[in-house]
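In: Provided below for reference: sequence and predicted model.
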Amino acid sequence: DDCVCDVDAKYRTIDGSCNNLKNGKGASNTFFKRLPDENENNVIDYADGIGLPRAAKNGDELPNARLVSQAIMDEKLGPPIQRDRTSRDFCFPLEIPKNDTDLPPGCINFVRATGKLDEEGVRQQTNLATAFVDASVVYGSTPELTKLLRVPDSYLLKTENNLLPTPAGVNSCFDPVIPTRCPVAGDSRVAEVPMLSVQHLAWHREHNRIASELRTLNPHWKDETVFQEARKIVIAIFQHITFNDFLPLILGQAAMKRFKLFSRDVNEGVFSDPYDVDMNPQVLGSVNVAAHRFGHSQVTNEQNFVDEDCNTVTVNKLEDVFESPRLIQQNCGVNIPFIGRNLACTASNRIDNFFVDAMRNRLYRKPEPPGSDIVARNIQRGRDFGVAGYNRWRELCLLEPMKSFDSFEKFGKALKELYNDIDDIDLFVGGLLEKEMGFNVGPTFQCLLGFQYERMKQGDRFWYERPNQVFSFSEKQLRSIKENASVSKIFCRNLGIEKIQENMFLLHQSKRNKRVACNDIPDIDLTLWQEHY
Ligand code: HEM
Ligand SMILES: [Ca+2]
């Protein structure tokens, strides 16, 4: 959209529009992407080809998603220690079978994701967020939300008592502290669980800290300039941490290299230009409904308060805190450091086919008893989206499709009882059963996530490492970001924590990942942004 886009813009738009100047892809509120197959036809698997949820190959209904969840993904089936280190248009009933051992018979409330017909009359779903790694979880994906989050005519994001703002009319949470209401941030799921809320808070405060420093360094800048420059730095930190510290732990080194996801090593030069105007960054539906939901398997049953020595001081059961901001709002946020330390101190569960009961039997039990099942929802969501079965994705990923149920070893028998045909197995189920995986996701999810993040990087005109653009960082600025961007620093300083391990994504160890005082963690040198004239 050359006519509406400012091709010389120094800052990205909030909604991701005008990032790509040729195909315009990646903006919020646009369809999820369907992968074209060998013949350039979109890979879609609706029962009727255009919109009814996926069915089995022989035309029958697929096995009940709750049954699959019970048979394959119950934490009790796994090892005891899991840690690593419309009519049919709207409703798509998720039935709880009669003999379910954990939930009463009936239906789990499940509404189909809003669908719109594309030019070919095929049902498509809309991604409300931008496709880019652009810190839209901090700033929002629409100008309206950004406006709500910002202090008018200022470089700051709104806070209330140094906590996330709680504007009137936001009712997207359960049991907030009165008179305080539900918190808002760049993503509507901010109050899903306390450990997510504090992450939003850490980034929110980091924006305000950076912006305030930039204001002091550059009194002559307009407020808007201060805001956008701070936002640009926050986004760069976000991109650097996501691609260099987080993704390697999920995908493994080999996939990181295969998809060229690491940033350029500072010893080999600071700038790098991966941008490709023909790259479409849109998020694949299959990534949304299955591959990226690997995180649900990592969730633990508790969201405890943890002290400076990493000891639990209060047990908070996950099943009691879904959608409730109470723990983080109580007593002016006194619990925030305790929740923040839980993020740093506690191991997540393994990425595998086992899910804790709080997620698989008691999700949203409060305020909606008897509770929901995240696994059944994910399976059902895949069918709702018309996402093809697991074997089809293996094929598209150039992996050998599974030929026999026995290839799934221990769970082969259960799968055989549930599914008619091996090609019917849902992507979420097959992907998490891949046995090669230990610490990382298995090969199919590596392929899907690698493919996706490669596009989010190469399809991003504003990628933080790019040289010679109106928006490029100076060499010194970029070097300082790449050498010092640290999730530990951001969480430590912004959540009232005294000490933290150098890499918060890994557990603390006395030799390789020492616990240090926040102040001893190196920092980006913001004086490099001081403009002398
Ligand atoms: C306690 C923590 C979490 C809870 C309670 C939770 C809950 C949920 C729920 C209820 C949904 C919607 C399911 C549906 O009806 O389709 C969802 C979607 C999703 N979740 Fe989680 N989740 C959690 C953590 C995570 C983590 C750690 C990840 C990934 C690292 C993740 C990735 C996703 C993705 C990609 C979606 C689809 C998002 C969308 O379409 O908007 N979740 N989650
Ligand atoms: Ca697990």
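Out: Arrived safely. Ligands and ions are numbered 1, 2, ... in the order given.

In: which phi and psi does residue 111 have?
Out: The phi and psi torsions at residue 111 (degrees, to the nearest 10) take the values phi -110, psi 140.

In: If it is in a bridge, with which residues?
Out: residue 91 (DSSP bridges).

In: What separation do you get for it and residue 94?
Out: 10 Å (C-beta to C-beta, to the nearest Å). Just so you know, the C-beta spots here come from the backbone N, C-alpha and C atoms, and that holds for glycine as well.

In: Please say which of these two ends up with more neighbours.
Out: More crowded of residue 111 and residue 94, by other C-beta atoms under 10 Å: residue 94, with 22 against 10.

In: In contact with residue 441, which residues are there?
Out: Applying C-beta atoms under 8 Å, 6 or more residues apart in numbering to residue 441 gives the contacts 250-251, 291, 294, 351, 431, 449.

In: Would you state the helices of the stretch 101-250 of the chain in chain order?
Out: Per DSSP state H, counting those that start in this stretch, the stretch 101-250 of the chain carries helices over the ranges 136-139, 143-149, 194-217, 223-241, 247-251.

In: what's the angle from the third one to helix 223-241?
Out: Here helix 194-217 runs at 130 degrees with respect to helix 223-241, directions being taken by axes from the mean of the first three to the mean of the last three C-alpha atoms, to 10 degrees.

In: Next to ligand 2, which bits of the stretch 251-400 of the chain? Give me the list.
Out: Proximity of the stretch 251-400 of the chain to ligand 2 (C-beta under 5 Å from the ion) is limited to residues 297, 349-350, 352, 354.

In: Go again with 8 Å.
Out: 297-299, 349-356 (C-beta under 8 Å from the ion).

In: quick revisit: now the contacts of residue 441 in TSV, with distance to ligand 1, neighbour count and secondary structure?
Out: Shown next, in TSV, are these (distance: C-beta to the nearest ligand atom, whole Å; neighbours: other C-beta atoms under 10 Å; DSSP: H, G, I helix; E, B strand; the rest coil):
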residue	distance to ligand 1	neighbour count	secondary structure
250	8	22	helix
251	12	22	helix
291	8	24	helix
294	6	20	helix
351	9	23	coil
431	13	28	helix
449	10	23	helix
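
In: Check the residues you listed for the minimum pLDDT and say which it is.
Out: The lowest pLDDT within these belongs to residue 351, with 93.

In: residues of the lowest-mean-pLDDT helix or strand in the chain that come out buried?
Out: The weakest-scoring helix or strand in the chain, judged by mean pLDDT, DSSP states H and E, is strand 106-108 (a mean of 86). By neighbour count with 16 or more other C-beta atoms under 10 Å, strand 106-108 contains the buried residues residue 108.

In: which neighbours does that strand have in its sheet, and in what orientation?
Out: strand 94-96 (antiparallel).

In: so for the strand it pairs with, what's the average pLDDT?
Out: Rounded mean pLDDT across strand 94-96 is 91.

In: That one vs ligand 1: in contact?
Out: No: Strand 94-96 lies apart from ligand 1 when judged by C-beta under 6 Å from any ligand atom; the minimum separation is 9.2 Å.

In: and that strand, how far from the chain's centre?
Out: Mean-position distance between strand 94-96 and its chain equals 27 Å (C-alpha atoms, centre = their mean, to the nearest Å).

In: Number the residues from 367 up from this point.
Out: Done: numbering now begins at 367, and the last item shifts to strand 460-462.

In: what's in contact with that strand?
Out: 430-432, 469-476, 739, 742-743, 746.

In: go again using 10 Å as the cut-off
Out: Here strand 460-462 makes contact (C-beta atoms under 10 Å, 6 or more residues apart in numbering) with 430-433, 435-436, 468-477, 736, 738-739, 742-743, 745-747.

In: Residue ranges in this structure under the pLDDT threshold?
Out: 367-369, 447-456, 802-805 (pLDDT under 70).

In: Please repeat the previous calculation with a cut-off of 90.
Out: 367-370, 444-459, 471-475, 535-538, 545-546, 731-736, 775, 801-806, 876, 898-899 (pLDDT under 90).

In: Just give me the residue closest to the centre of it.
Out: Geometric centre of the chain, nearest residue: residue 658, 7.1 Å, by C-alpha atoms, centre = their mean.

In: Surely that residue is within a helix?
Out: Yes: read with DSSP: H, G, I helix; E, B strand; the rest coil, residue 658 is one of the residues of a helix.

In: Make a ChimeraX selection of the buried ones in the contacts of strand 460-462.
Out: Buried members of the contacts of strand 460-462, defined by 16+ other C-beta under 10 Å, are picked up in ChimeraX with:
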select :430,431,432,433,435,436,468,469,474,476,738,739,742,743,745,746,747
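
In: Show me which residues of the protein are close to ligand 2?
Out: Within the chain, the positions lying close to ligand 2 (C-beta under 8 Å from the ion) are 441, 444, 448, 663-665, 715-722.

In: could I get those as a markdown table with secondary structure?
Out: Shown next, in a markdown table, are the residues of the chain next to ligand 2 (three-state DSSP):
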| residue | secondary structure |
| --- | --- |
| 441 | helix |
| 444 | coil |
| 448 | coil |
| 663 | helix |
| 664 | coil |
| 665 | coil |
| 715 | strand |
| 716 | coil |
| 717 | coil |
| 718 | coil |
| 719 | coil |
| 720 | coil |
| 721 | strand |
| 722 | coil |
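
In: Return the members of the residues you listed classed as buried.
Out: Here the buried ones among those, as counted with 16+ other C-beta under 10 Å, turn out to be 441, 448, 663-665, 715-722.

In: Show me which of the residues you listed is closest to ligand 1.
Out: Nearest to ligand 1, judged by C-beta to the nearest ligand atom, of those is residue 665 at 4.4 Å.

In: which residues does the residue nearest to the closest one when sequence neighbours are not counted contact?
Out: Take residue 665 and drop its neighbours on the chain: the residue closest to it by C-beta to C-beta, 6 or more residues apart in numbering is residue 725, 5.4 Å away. Shown in contact with residue 725 (C-beta under 10 Å, 6+ apart): 439, 441, 662-667, 684-685, 688, 715, 737-741, 743.

In: Many thanks, have a good one.
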